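Peer 1: what shape does this take:
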Amino acid sequence: FRSPVPNAVMTNLDTSRAEAMKGVHVITWEDVPLLEYGHLSALGIPADEPLLAKDEVRYLGQPIAIVAAPTEEAAMAAVGAISADFDERPALFDVRKAFDADAPAVHVEGNWYKHFEDEMDRRQIRKGNIEEAFDRADLIVQGVYRPAAIEHAPIETQVCQVVPEANGRLTIYSCTQALYFSMGVVAAHLQVPLNKLKVVGGTVGGGFGGKVDTATETMCALLAQKSGKPVKWRWTREEEFLCSSTRAPWHMEIADAVTKDGWILGRKMLTLHDAGAYSRFSPYGLTKHSFHHTGAYSIPNLEFDGYVVYTNRTPTTAMRGFGVTSVSFATETHMSRI
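Peer 2: Modelled structure (predicted):
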């Protein structure tokens, strides 16, 4: 049961009719031992995303309740029996508007991530004397570059099967790209030690970064615990396109101070990284992005500011060189223009 709207206060979640159906098991936020555990929590990145929505929804398709039943048809009928009320709020979809005073608020603390080192609300790089570099330039070349979101579209969609064993362990068969990473996320949400889980990987039918997010494992594990039976969840292609993480959209502004004899004296750059509704891997992606913002070139004077911006889009994630491919596209396109 997913959110039908991109931003709303949710009340009156009612799963009673579904739970009354024969063989049906339902999980909501109340059944999750640790509701919020960030994908980078182990690295000190604050958790901000509930496994299942509690009092609000922040993107279209956000999971609210999970159903298991003996057949797919029974499960879908049970999902149809779940109801909730949604008091819809204005949604934010454009990172360029996130800093406006009248922009819809995505997070309580604001519309951008504020927990980089030294209490910085951005990734910031300063080197040399940027103003002097621009004063000395023969030419200043400016550009804006905005690569869009991309769905990974793997041959195999997200899929997982969890089997409760007689000894109390859960065996998790998963298509995850990051087996031990996924194990840690499941263990944290379930509040069990790692030795209570056995995760079995295999040949991944495509991932490209999109199967680093632990999309199905924890929810299947919760339902296996509750039902005492094996639980399998295979995403439909529609779910994969509408609800899985995409490569992040970026907004990048570059201004280069250049000379007639081919030197780049200085670069000013502003990056807005669209994280979607929650942080997930975005602070890490922006960090890699900032490291590479000069490309392959020696630039003695730098001024870089990068923000992880929240919108009411599906949370974004890694894809093939997370954070680096985007800035490489921008810097090389910019170099061609220079």
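
Peer 1: quick check: longest strand of the protein.
Peer 2: The longest strand of the chain (DSSP state E) is strand 264-276.

Peer 1: and whatever helix or strand comes next after that one, what's its mean pLDDT?
Peer 2: Sequence order places helix 282-291 as the next helix or strand after strand 264-276, per DSSP states H and E. Across helix 282-291, the average pLDDT comes to 96.

Peer 1: residues of helix 282-291 that come out buried?
Peer 2: Across helix 282-291, burial judged by 16 or more other C-beta atoms under 10 Å covers 282-290. C-betas here are computed from N, CA, C, even on glycine.

Peer 1: helices or strands up against it?
Peer 2: strand 123-127, strand 264-276, strand 301-310, helix 324-337 (3 or more C-beta pairs under 8 Å, 6 or more residues apart in numbering; DSSP states H and E).

Peer 1: let's see that with 10 Å instead.
Peer 2: Applying 3 or more C-beta pairs under 10 Å, 6 or more residues apart in numbering; DSSP states H and E, we find helix 282-291 packed against strand 123-127, strand 250-258, strand 264-276, strand 301-310, strand 316-317, helix 324-337.

Peer 1: how many other residues sit next to A133?
Peer 2: By other C-beta atoms under 10 Å, the residues close to A133 number 25.

Peer 1: pLDDT value on the nearest residue to it once chain neighbours are set aside, please?
Peer 2: Nearest non-adjacent residue to A133, counting by C-beta to C-beta, 6 or more residues apart in numbering: G266, 2.9 Å away. With respect to pLDDT, G266 has a value of 98.

Peer 1: may I have the residues that are in contact with G266?
Peer 2: 127-137, 140, 255-258, 299-303 (C-beta atoms under 10 Å, 6 or more residues apart in numbering).

Peer 1: do you know how far K268 is from M10?
Peer 2: Between K268 and M10 the computed distance is 42 Å (C-beta to C-beta, to the nearest Å).

Peer 1: buried only: go through the contacts of G266 for me.
Peer 2: Here, 16+ other C-beta under 10 Å leaves 130, 133-134, 137, 255-258, 299, 301-303 buried among the contacts of G266.

Peer 1: which SS class is the closest residue to S41 other than its chain neighbours?
Peer 2: Closest residue to S41 apart from its sequence neighbours, by C-beta to C-beta, 6+ apart: A47 at 5.1 Å. For A47, the assignment made with DSSP: H, G, I helix; E, B strand; the rest coil gives coil.

Peer 1: mind putting the buried residues of helix 282-291 in TSV, distance to K196 included?
Peer 2: TSV is the format used below for the buried residues of helix 282-291 (distance: C-beta to C-beta, whole Å):
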residue	distance to K196
S282	30
P283	30
Y284	28
G285	31
L286	34
T287	33
K288	33
H289	37
S290	39
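
Peer 1: for those, which one is nearest F322?
Peer 2: Nearest to F322 among the buried residues of helix 282-291 is G285, at 4.6 Å by C-beta to C-beta.

Peer 1: does that closest one really touch H292, like I thought?
Peer 2: No - at 11.2 Å, G285 does not count as touching H292 under the criterion of C-beta atoms under 10 Å.

Peer 1: what touches both of the two?
Peer 2: Listed contacts common to G285 and H292 are 321, 323-324, 326; contacts here mean C-beta under 10 Å, 6+ apart.

Peer 1: where do the strands sit along the stretch 51-200 of the chain?
Peer 2: All strands of the stretch 51-200 of the chain, identified by DSSP state E, counting those that start in this stretch, fall at 56-57, 66-68, 83-88, 123-127, 139-145, 159-164, 170-174, 197-200.

Peer 1: ok, which of these comes nearest Y180?
Peer 2: strand 197-200 (7.6 Å).

Peer 1: buried stuff in the closest one?
Peer 2: So for strand 197-200, counting by 16+ other C-beta under 10 Å, buried means 197, 199.

Peer 1: how far away from the center of its chain is it?
Peer 2: Its chain's C-alpha centre and that of strand 197-200 lie 24 Å apart, by C-alpha atoms, centre = their mean, to the nearest Å.

Peer 1: contacting residues around it?
Peer 2: Against strand 197-200 from outside (C-beta under 10 Å, 6+ apart): 160-163, 165, 169-174, 176, 179-184, 186-187, 190, 217, 221.

Peer 1: how about stretch 237-246?
Peer 2: Everything outside stretch 237-246 that qualifies as a contact, by C-beta under 10 Å, 6+ apart, is 2-3, 59-63, 148-154, 156-158, 209-213, 215, 233, 235-236, 274, 276, 278, 280-281, 313-319.

Peer 1: next, the buried residues of it.
Peer 2: Neighbour-count burial for stretch 237-246 [16+ other C-beta under 10 Å]: 239-240, 243-246.

Peer 1: want to throw those residues into CSV with secondary structure?
Peer 2: Listed next are those as CSV, based on three-state DSSP:
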residue, secondary structure
E239, helix
E240, helix
C243, helix
S244, coil
S245, coil
T246, strand
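
Peer 1: about what we covered before: compare the helices and strands packed on helix 282-291 and give me the one nearest R89.
Peer 2: strand 301-310 (13.7 Å).

Peer 1: coming back round to it: distance of the residue nearest to A133 relative to I254?
Peer 2: According to C-beta to C-beta, G266 and I254 sit 11 Å apart.
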